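Asks: What follows is a predicted structure for the sequence shown.
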Amino acid sequence: MKFIYPLLFILLLLSQCNTEKRKGIIMTVNGPVHLDQSGIFLTHEHILVDFIGADSISESRWDRAKVINKCLPYLRQIKELGCRTFVECTPAYLGRDPLILKSLSDSTGLNIITNTGYYGAHNNKYIPAFAFDESADQLAQRWIKEWENGIGVSGIKPGFIKIAVNSDSLSGFHKKLVTAAALTHLKTGLTIASHTGPAVPAFEQLDILEKEGVAPEAFIWVHAMNEKDPANLIKAARKGAWISLDNLNETNILEYVNLIKILKQNNLLNKVLLSHDAGWYDPAKVNGGEFRGYTTLFEKLLPALRKEKFSVKEINQLLVINPARAFEIKVSRKE
Ligand SMILES: [Zn+2]
């Protein structure tokens, strides 16, 4: 019974999905997909994450078939609930495995998007040693090459740039990562999703992008709910940045509803992205450890937003239109 309400609502939502015909594309692990086919997104989730560190990680640490077996039912669940596009945010050296994602996409019919870029948060534990010596331009060349030729020998292309910085003022190395992301964006049109948290590094990153000629529209402020003052989210959104509220779980539904209401009151519903940051098959644990599914948005948040009089059109904006715009392959230059 518990699925009936969200399902009826999502059918209504899907019937409205095509109201906005856009010409652009997103890049999935199975190639380009037109924006009128991208449907409802989950914009920040994970399949496999390996916390061993860049110096020790290797694909031999996991068994692809076992990971796929474990994760498949969770993806089938969200497909049934109306999700069409799943953005997998695990970067290289943290367990990014495009072949697993392709297999999961083939089995479920979901569009799955992977990424290029490096993850500097957690004091660079997930940064490969060579990256410290290379210039921003050299790093960008590596990421652009993945866009042009695919990741490794897989032929699978990234659909966005994922970077991560520490939660305080940017270090010199993290500034270099952001600059590399800006250079990559200008060559590829891939959007930059940066694990950020609080406002200080968020605005510092927007400043670097501006200096490099990249518009805030190309930047997703990942984990924006870790910034406690909504005024800063409003300020960044007014500049054009995407505000990613991406740690939705059973315990914070009301918090999310309140924050989304504040952004709505400021006419900024068109800058909000929603997701769970869930999943996490951890190869260091037996059978990947405890796995968090991706259904809270559909089963809990949507009914709560409907109760607060959010219209079908507004929810379509949050789940369909905003993510399509955010992940569209498109160079956004600062005028
Ligand atoms: Zn994440």
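Replies: Nice, I can see it.

Asks: make it CA atoms for all contacts and neighbour counts henceforth
Replies: Will do.

Asks: what's the pLDDT at the residue nearest the centre of the chain?
Replies: Here the mean C-alpha position of the chain is nearest to the C-alpha of His44 (CA atoms, centre = their mean), at a distance of 3.5 Å. With respect to pLDDT, His44 scores 98.

Asks: Just want the phi and psi numbers for Asn70.
Replies: Residue 70: Lys, not Asn. The phi/psi pair for Lys70 (degrees, to the nearest 10) reads phi -70, psi -40.

Asks: Is it correct that the residue nearest to the centre of the chain falls within a helix?
Replies: No. Remark: His44 does not belong to a helix; assigned using DSSP: H, G, I helix; E, B strand; the rest coil, it is strand.

Asks: how about the strands in the stretch 51-200 of the chain?
Replies: Per DSSP state E, counting those that start in this stretch, the stretch 51-200 of the chain carries strands over the ranges 83-88, 111-113, 115-116, 160-164, 192-195.

Asks: closest one to Ile144 among those strands?
Replies: Closest of these to Ile144 is strand 115-116, at 8.5 Å (criterion: CA to CA).

Asks: Remind me what that closest one packs against, helices and strands.
Replies: Counting contacts by 3 or more CA pairs under 8 Å, 6 or more residues apart in numbering; DSSP states H and E, strand 115-116 packs against helix 136-149, strand 160-164.

Asks: Pro32 in helix, strand or coil?
Replies: Criterion first, three-state DSSP; result for Pro32: strand.

Asks: Any idea what it is bridged to?
Replies: With DSSP bridges as the criterion, Pro32 is bridged to Met27.

Asks: That one: neighbour count?
Replies: Using other CA atoms under 10 Å, Pro32 has 15 other residues around it.

Asks: Check the gap between it and Asn149 for me.
Replies: Per CA to CA, to the nearest Å, Pro32 is found 14 Å from Asn149.

Asks: in the protein, which spans are helices?
Replies: 4-16, 64-80, 98-108, 130-133, 136-149, 172-188, 199-211, 230-239, 253-265, 296, 302-307, 312-316, 322-327 (DSSP state H).

Asks: can those go into a markdown table with extra columns for distance to Tyr119 and mean pLDDT?
Replies: Converted to a markdown table, the helices of the chain look like this (distance: least, CA to CA, whole Å; pLDDT from 0 to 100):
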| stretch | distance to Tyr119 | mean pLDDT |
| --- | --- | --- |
| helix 4-16 | 34 | 63 |
| helix 64-80 | 22 | 98 |
| helix 98-108 | 17 | 98 |
| helix 130-133 | 11 | 98 |
| helix 136-149 | 12 | 98 |
| helix 172-188 | 9 | 98 |
| helix 199-211 | 14 | 98 |
| helix 230-239 | 22 | 98 |
| helix 253-265 | 26 | 98 |
| helix 296 | 27 | 98 |
| helix 302-307 | 31 | 97 |
| helix 312-316 | 31 | 97 |
| helix 322-327 | 19 | 98 |
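
Asks: Distance to Lys285 and mean neighbour count added to those, as JSON lines?
Replies: Shown next, in JSON lines, are the helices of the chain (distance: least, CA to CA, whole Å; neighbours: other CA atoms under 10 Å):
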{"stretch": "helix 4-16", "distance to Lys285": "33", "mean neighbour count": "16"}
{"stretch": "helix 64-80", "distance to Lys285": "12", "mean neighbour count": "16"}
{"stretch": "helix 98-108", "distance to Lys285": "18", "mean neighbour count": "19"}
{"stretch": "helix 130-133", "distance to Lys285": "29", "mean neighbour count": "12"}
{"stretch": "helix 136-149", "distance to Lys285": "30", "mean neighbour count": "19"}
{"stretch": "helix 172-188", "distance to Lys285": "30", "mean neighbour count": "23"}
{"stretch": "helix 199-211", "distance to Lys285": "33", "mean neighbour count": "20"}
{"stretch": "helix 230-239", "distance to Lys285": "36", "mean neighbour count": "18"}
{"stretch": "helix 253-265", "distance to Lys285": "29", "mean neighbour count": "16"}
{"stretch": "helix 296", "distance to Lys285": "24", "mean neighbour count": "16"}
{"stretch": "helix 302-307", "distance to Lys285": "33", "mean neighbour count": "16"}
{"stretch": "helix 312-316", "distance to Lys285": "37", "mean neighbour count": "18"}
{"stretch": "helix 322-327", "distance to Lys285": "32", "mean neighbour count": "24"}
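
Asks: For Tyr118, find the nearest of the ones you listed.
Replies: For Tyr118, the closest of those is helix 172-188, at 7.4 Å, according to CA to CA.

Asks: quick one: the closest one to helix 199-211, angle?
Replies: Counting by axes from the mean of the first three to the mean of the last three CA atoms, to 10 degrees, helix 172-188 lies at 40 degrees to helix 199-211.

Asks: and for helix 172-188, what are the contacting residues?
Replies: Helix 172-188 is contacted from outside by 117-118, 120, 132, 135-137, 139-141, 143-144, 147, 161, 163, 165-166, 190-192, 205, 208-209, 212, 214, 218, 329-333, using CA atoms under 8 Å, 6 or more residues apart in numbering.
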